[in-house]
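Peer 1: give me coordinates for this.
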Amino acid sequence: MMVLSLIIGFVFTPLDSTHVYIEANGYASLRFELQNNAFMNATYNLVIKRLSAPSDLSFDMCFNGSCHAGDSSAINVEAGASDTITLDIIGGNNTGPLDIFYLVYDQNAQNDRDSVEITGGVPVLEKRQKEDIYSIGDYIYGDGLLSARVLTKDGRLLGTLYPKNNRIYTGGLRHGVYFLIIKTTHGKKAIKIYRRH
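Peer 2: Prediction:
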């Protein structure tokens, strides 16, 4: 049993589907479990290897109560314990196929490594309808914008934003996920946005 635990020092398992489609400026979260089966505490490197991905696609790796932007990070896991890692995939303006490997390896044993392949894409939208609402960078765009009620992901109302020059500025929101109830001359629409600061 001890020999087996030394051979299989850790297990890295996806908790969600690893096939992802997100819209341009969209957002997806995938959860993974990293279990340290060894008898000693370990530090693991988490690395995104892009085989194919839109150039402005970005990542946040969240664990132990904080998020780390970029294609790599490191996590400490105590012996016999496990941690949940959330990988946030944030789309930009570019579209295209998504084929990446999420690599994990033990800093003290470079040969002890594992990976999960994540596939999908950021599809091209065929034609944007006049009443569509969309987010690019710090702004919400759409025809006939009247207001946007901002809700946290747990449903708390933070306030209401109003358009200026036919767009609504969201750059004042802190890091996190928000739901916006957009009121336009065409009706109402709910959208989800992800703010990075």
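
Peer 1: list of residues touching the strand ranked longest in the chain?
Peer 2: For the chain, the longest strand by residue count, based on DSSP state E, is strand 109-122. Residues outside strand 109-122 that contact it (C-beta atoms under 8 Å, 6 or more residues apart in numbering): 9-12, 14, 18-24, 26, 30, 32, 49, 54, 57, 87, 89, 91, 94-106. Yep, even glycine has a C-beta here, placed from its N, CA and C like the rest.

Peer 1: now with 7 Å, please.
Peer 2: 9-10, 12, 14, 18-24, 30, 32, 54, 91, 95-106 (C-beta atoms under 7 Å, 6 or more residues apart in numbering).

Peer 1: before we move on, what about stretch 60-76?
Peer 2: By C-beta under 7 Å, 6+ apart, the residues outside stretch 60-76 that reach it are 34, 41, 43-48, 58-59, 83-88, 90, 196.

Peer 1: quick check: ChimeraX command selecting the buried ones in the residues you listed.
Peer 2: Of those, the buried ones can be selected in ChimeraX as follows, counting by 16 or more other C-beta atoms under 10 Å:
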select :34,44,46,47,48,58,59,83,85,87,88,90
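
Peer 1: could you pull out the helices for the chain?
Peer 2: 2-7 (DSSP state H).

Peer 1: the bottom helix or strand of it by mean pLDDT?
Peer 2: Here the helix or strand of the chain ranked lowest by mean pLDDT, DSSP states H and E is helix 2-7, holding a mean of 42.

Peer 1: how about the longest strand of the chain: buried residues?
Peer 2: By 16+ other C-beta under 10 Å, the buried positions in strand 109-122 come out as D112, R113, D114, V116, I118, G120, G121, V122.

Peer 1: so for those residues, which is the shakiest by pLDDT?
Peer 2: The lowest pLDDT within these belongs to D112, with 80.

Peer 1: who are the neighbours in contact with A28?
Peer 2: V20, I22, I89.

Peer 1: from the residues you listed, pick the one nearest A190.
Peer 2: Of all the contacts of A28, A190 sits closest to I22, with 16.9 Å by C-beta to C-beta.

Peer 1: how about the nearest residue to the most centrally placed residue in the chain, chain neighbours excluded?
Peer 2: Central residue of the chain (C-alpha atoms, centre = their mean): D88, 1.5 Å from the mean position. Distances taken as C-beta to C-beta, 6 or more residues apart in numbering put D60 closest to D88, at 4.0 Å, once the chain neighbours are dropped.

Peer 1: neighbours of that neighbour, how many?
Peer 2: Other residues near D60 number 20, with proximity taken as other C-beta atoms under 10 Å.

Peer 1: and if you look at A148?
Peer 2: Neighbour count for A148, taken as other C-beta under 10 Å: 25.

Peer 1: still on that earlier bit, now the longest strand of the chain - C-alpha only, CSV.
Peer 2: Extracted in CSV, the C-alpha atoms of strand 109-122 (Å, rounded to 0.1, in the frame of the first residue of the first chain):
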residue,chain,number,x,y,z
ALA,A,109,9.1,15.2,-8.3
GLN,A,110,9.0,16.5,-11.9
ASN,A,111,8.0,13.1,-13.3
ASP,A,112,4.9,13.0,-11.1
ARG,A,113,2.5,14.8,-13.4
ASP,A,114,-1.0,14.6,-14.7
SER,A,115,-3.2,16.6,-17.2
VAL,A,116,-6.7,17.2,-18.3
GLU,A,117,-7.6,18.2,-21.9
ILE,A,118,-10.2,21.0,-22.2
THR,A,119,-11.8,21.3,-25.7
GLY,A,120,-14.6,23.5,-27.2
GLY,A,121,-14.4,26.9,-28.6
VAL,A,122,-15.5,30.5,-28.8
